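Asker: show me the folded form of this:
(one chain, ligands or ions: 2)
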Amino acid sequence: MWNRLRSGLDRTRRTLWQPLEETLKGKSRVDEEFLDRLEEMLLAADVGVEATEELVTPFRGQSALSFADLEKLLRDKVVQLLSPAQSRPVAAPTEDGPAVYMFVGVNGSGKTTTVAKVGKALAAQGTTVVLAAADTFRAAAVEQLTDLAQRTGLSVVSHRAGADPGAVVHDAVEHARIQGYDAVLVDTAGRLQTKRPLMEELGKVRRVVERLQGRPPDERILVVDASVGQNAISQAELFDQAVGLTGLVLTKLDGTAKGGAILPIWRALRVPIFWVGVGEGMDELQYFSAEAYAQALIGGDHGTG
Ligand SMILES: Nc1nc2c(ncn2[C@@H]2O[C@H](COP(=O)(O)OP(=O)(O)O)[C@@H](O)[C@H]2O)c(=O)[nH]1
Ligand SMILES: [Mg+2]
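Answerer: Numbers count the residues shown, from 1 in each chain. Ligands and ions are numbered 1, 2, ... in the order given. So this is what the prediction gives:
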């Protein structure tokens, strides 16, 4: 089940582990030189200064550690650091109107793809879903979501390109309320450098939902491209100010050498990580598990290979 995450993190794991194994050649115990190297490698995998220190410090001065001990302790520590990110599942549909999940994030982070993947996963569990094509900035964005909806058998509410995103979301939520749908998944625009002030637009979408439902979107989820690494943190803060983030999705964990960035990104925001994206395919989405992530990140033969 976690094979995809494990193979996705191959590059990160190689960045981390191969140099360490080299360093360890001919030694039977972990020493200070090895720990310095470990620190370097964690930084290279974008784990960040703070989390790296927390991971490595407990090993300093411990002379009797074998490599296998260290692997196990490190895995446990990663699980411990990230288990609060699994604190709750995504908000469930209520009696009082659909659950509305608003997906935000910079252009190219994977919002549109993730909206369709999540819609497909929820539908497979029996949740009825409407997608809202509220990235009206380009015709191609509306078409992309419409195509993915068709491929995954989901309904989508869209207006023409250039339309007011608030109006799209209004129609989608109203439609869902009248027809009794369980959830509305809102795709949004992500272009930071345009004349249309994005953050204002997102704030408006939030208010439109609030007017119809008597509460803001139940989840305001930031979609982050994990391969961008720690640079994602400053963007995240902007989106948090605009909509008040309640959750995270990390995409593109496949094929990045910066898969360690989950740690600093999560520490900056401290909201649950609901899902991770491990490929472009519509099924390449997994619930986040600190345990599975730690297993995939750290070497050793504990995974399924
Ligand atoms: N490898 C990989 N590619 C992804 C993933 N999620 C999205 N993508 C790709 O990233 C690109 C941008 O995705 P898109 O959903 O259009 O991003 P948006 O601009 O935020 O809506 C597309 O080519 C997607 O197929 C993922 O988890 N893994
Ligand atoms: Mg998009």
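Asker: okay, now residue 160: neighbour count?
Answerer: Neighbourhood size, residue 160 [other C-beta atoms under 10 Å]: 9. In this view, the C-beta of every residue, glycine as well, is placed from N, C-alpha and C.
Asker: OK, contacts around it?
Answerer: 136, 139, 142 (C-beta atoms under 8 Å, 6 or more residues apart in numbering).
Asker: part of a helix, is it?
Answerer: No: under DSSP: H, G, I helix; E, B strand; the rest coil, residue 160 sits outside any helix and is assigned coil.
Asker: list phi and psi for it.
Answerer: Phi and psi for residue 160, reported as degrees, to the nearest 10, are phi -70, psi 160.
Asker: how close does it get to ligand 1?
Answerer: Distance, residue 160 to ligand 1, by C-beta to the nearest ligand atom, to the nearest Å: 18 Å.
Asker: just the buried ones from the contacts of residue 160?
Answerer: Among the contacts of residue 160, the ones that count as buried by 16 or more other C-beta atoms under 10 Å are 136, 142.
Asker: excluding its backbone neighbours, what's nearest residue 117?
Answerer: residue 285 (4.1 Å; C-beta to C-beta, 6 or more residues apart in numbering).
Asker: wait, isn't the one you found in contact with residue 253?
Answerer: No: the pair residue 285 / residue 253 is not scored as a contact, 10.5 Å apart, by C-beta atoms under 8 Å.
Asker: shared neighbours of the two, which are they?
Answerer: Each of 276, 277, 278 lies in contact with both residue 285 and residue 253 under the rule C-beta under 8 Å, 6+ apart.
Asker: ok, the second one - contacts?
Answerer: Contacts for residue 277 (C-beta under 8 Å, 6+ apart) come out as 110, 113, 114, 117, 249, 250, 251, 252, 253, 254, 284, 285.
Asker: so how many other residues sit close to residue 295?
Answerer: Residues near residue 295, counting by other C-beta under 10 Å, number 20.
Asker: flag every buried residue along the strand or helix carrying it.
Answerer: For residue 295, the element it lies in under DSSP states H and E is helix 290-297. Neighbour counts over helix 290-297 (16+ other C-beta under 10 Å) mark 290, 292, 293, 294, 295, 296, 297 as buried.
Asker: again, but for stretch 95-111
Answerer: Going by neighbour count (16+ other C-beta under 10 Å), the buried part of stretch 95-111 is 97-106, 109-111.
Asker: mind telling me which residue of the stretch 201-305 of the chain is nearest ligand 1?
Answerer: The minimum distance from the stretch 201-305 of the chain to ligand 1, using C-beta to the nearest ligand atom, falls at residue 277 (2.6 Å).
Asker: which non-adjacent residue is nearest that residue?
Answerer: Nearest to residue 277 is residue 251, by C-beta to C-beta, 6+ apart, at 3.5 Å.
Asker: measure the one you found to residue 203 for me?
Answerer: Distance, residue 251 to residue 203, by C-beta to C-beta, to the nearest Å: 24 Å.
Asker: same drill for the two, tell me which one is more crowded.
Answerer: residue 251 (28 against 16).
Asker: how about the contacts made by that one?
Answerer: Contacts for residue 251 (C-beta under 8 Å, 6+ apart) come out as 109, 110, 113, 114, 223, 224, 225, 226, 276, 277.
Asker: with secondary structure and pLDDT as added columns, please give these in JSON lines.
Answerer: Formatted as JSON lines, the contacts of residue 251 follow (DSSP: H, G, I helix; E, B strand; the rest coil; pLDDT from 0 to 100):
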{"residue": "109", "secondary structure": "coil", "pLDDT": "96"}
{"residue": "110", "secondary structure": "coil", "pLDDT": "97"}
{"residue": "113", "secondary structure": "helix", "pLDDT": "98"}
{"residue": "114", "secondary structure": "helix", "pLDDT": "98"}
{"residue": "223", "secondary structure": "strand", "pLDDT": "97"}
{"residue": "224", "secondary structure": "strand", "pLDDT": "95"}
{"residue": "225", "secondary structure": "strand", "pLDDT": "94"}
{"residue": "226", "secondary structure": "helix", "pLDDT": "90"}
{"residue": "276", "secondary structure": "strand", "pLDDT": "95"}
{"residue": "277", "secondary structure": "strand", "pLDDT": "95"}
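Asker: phi, psi of the residue of the stretch 51-200 of the chain at minimum distance from ligand 2?
Answerer: Closest residue of the stretch 51-200 of the chain to ligand 2, C-beta to the ion: residue 112 (3.3 Å). Note on residue 112: its backbone torsions stand at phi -60, psi -40 [degrees, to the nearest 10].
Asker: hmm, it is touching residue 141, no?
Answerer: Yes: Residue 112 is within contact range of residue 141, at 6.7 Å (criterion: C-beta under 8 Å).
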